[in-house]
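1. Sequence and predicted structure below; questions after.
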Amino acid sequence: MTPISTLDVTKIRQDFPILQRKIHGHPLVYLDNAASSQKPAVVVAAVSGYFLNSHANVHRGAHQLSVEATDAYESARAVVADFIGGRTKELVFTRGTTESINLVAASWGGANLREGDEILLTLMEHHSNLVPWQLIAARTGARLRFAGLTADARLDLEDLAAKIGPRTRMVAVTHVSNTLGVVNPVAEITALAHEAGALCLVDGAQAAPHLDVDVSEIGCDFYAFSGHKMCGPTGIGALWGRKELLEEMPPYQGGGEMISEVRLDGSSWAAVPHKFEAGTPSVGDAVGLRAAVRYLTRLGLDEIHQHETMLTEYALDRLTELDGFDLFGPRTGRVGVISFRYGDIHAHDLATILDAHGIAIRAGHHCNQPLMNHLGVDATARASVYLYNTHEEIDALVEGLLAARKLFGGFA
Ligand code: PLP
């Protein structure tokens, strides 16, 4: 049954000034949310309010502004940790998902992986959850293995289970595919990893903005996500990790903030999470992310998900009626990331034509080159929805596709 949206989208759209823009004379239809979301005015105000009123460096200062900045930064940590059901001390601020995964691969991987150990990934991983593992595998002699996909482009759980063995040390998997939109059963995958004595890292870049994530329910060991995809600023994201693992792991980078004592012949480290936050942190961005999390929480993640599900079903109903429309990924068990081919119009041409109508979609390999090879394409067009999108915008996308087809004089 199609859920009913309880979000007041007309009101929500007023929170996002950029949505009032015209692009090439047309109202902006922003359907590139999987790449980055737009920002509500409260987030921009939180960042500017911080810099206009409370900025100083954090943690070591004795003066009032430093105390205020430190309070704001550490309060942001508590709010963001709570958002994904984690404890404050287990939340490391990073620049985003990419840095979070690099941190785990370099720090945990560097300390724990040996020749012959296996890291199990899947064919649908974003390059951010692949290249860091390639780097550490090359350094340690560990081997990468890949779980395949089913014929309808879901994760093949049987294949994944079969590839977990006594040599598997880490299973690293995306919660939601940024190309296929499929939601992977990460709790089940974590349980399989743990049964074999392996750890599980979940790439939550496409899940945290859209689903009510609870790391304790998933049971995973690490969870990585990015602020800019969930209404927050760019340049801030987080790694949540189990405290005992974070405590055992060596620092990722050295410098100020992450030490307890520095001598000429060696140093000791600050307690987690500060051990992993070398240098002056991005305080203003953390404050912005706190505002974004509060904004999303006030609207309700379940309500946001329900709205997106309804919109996705509407979009798929309308789009799959078009001659030449070919969806990548399954119809069900997915979120509103819609990758497709449209006749013989190349994805890049399609994105350019739609842009002329004010419609922003993405075209390319979406940092999923191995998945593109598996699908037998070099690129897909991708429309992705968020809390502020409307039925009318889906209609505009359909009209834009029809116009593209007309421009091309039909399909070959
Ligand atoms: N993982 C997935 C599934 C993504 O979709 C993305 C970004 O598109 C990333 C990782 C990388 O995120 P960031 O560039 O914010 O570090």
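-> That came in fine, so what should we check first?
2. residue contacts, the residue sitting nearest the centre point of the chain?
-> In the chain, the centroid-proximal residue (Cα atoms, centre = their mean) is Ala205; its distance is 1.1 Å. By Cβ atoms under 8 Å, 6 or more residues apart in numbering, the contact set of Ala205 is 96-97, 126, 128, 174, 178, 224-226, 229. Any C-beta I mention is one placed from the backbone N, CA and C, and that applies to glycine too.
3. if I pick Ala404, what's in contact with it?
-> Contact analysis of Ala404 by Cβ under 8 Å, 6+ apart lists 342, 345, 349-350, 353-354.
4. again, only this time at 10 Å
-> Taking Cβ atoms under 10 Å, 6 or more residues apart in numbering as the criterion, Ala404 is in contact with 342-343, 345, 349-354, 356-357, 381.
5. element containing it, please.
-> Using DSSP states H and E, Ala404 falls within helix 391-407.
6. Any buried residues in that helix, and which?
-> 393-394, 396-397, 400-401, 404-405 (16 or more other Cβ atoms under 10 Å).
7. Flag every residue of the chain that's near the ligand.
-> Proximity of the chain to the ligand (Cβ under 6 Å from any ligand atom) is limited to residues 96-98, 126, 128-129, 174, 178, 203, 205-206, 226.
8. Which members of those define the maximum pairwise distance?
-> Farthest-apart pair in the residues of the chain next to the ligand is Gly96 and Thr174; separation 14.5 Å (Cβ to Cβ).
9. Give me the buried subset of the contacts of Ala404.
-> For these, a burial check counting by 16+ other Cβ under 10 Å picks out 342-343, 345, 349-351, 353-354, 357, 381.
10. Show me the residues you listed that map onto helices.
-> 349-351, 353-354 (DSSP state H).
11. just these now: which is nearest the ligand?
-> Ala351 (16.1 Å; Cβ to the nearest ligand atom).
12. and the closest residue to the closest one other than its chain neighbours, what does it touch?
-> Leaving aside its chain neighbours, Ala351 sits nearest to Ala363 (3.8 Å; criterion: Cβ to Cβ, 6 or more residues apart in numbering). Ala363 makes contact with 32, 339, 346-352, 354-355, 379-382, according to Cβ under 10 Å, 6+ apart.
13. partner strands of whatever helix or strand Ala363 lives in, parallel or antiparallel?
-> Element membership of Ala363, judged by DSSP H and E, is strand 362-364. Strand 362-364 has these partner strands in its sheet, going by DSSP bridges: strand 380-384 (antiparallel).
14. just the strands in the stretch 201-350 of the chain please.
-> 222-226, 237-241, 259-263, 266-269, 325-328, 337-342 (DSSP state E, counting those that start in this stretch).
15. With mean pLDDT added, can I get those in TSV?
-> Listed next are those as TSV, based on pLDDT from 0 to 100:
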stretch	mean pLDDT
strand 222-226	99
strand 237-241	98
strand 259-263	96
strand 266-269	97
strand 325-328	97
strand 337-342	98
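16. Quick one: closest of those to Val79.
-> Nearest of those (Cβ to Cβ): strand 237-241, 11.0 Å.
17. For the closest one, which strands pair with it and how are they oriented?
-> Strand 237-241 is paired, per DSSP bridges, with strand 91-94 (antiparallel), strand 222-226 (antiparallel).
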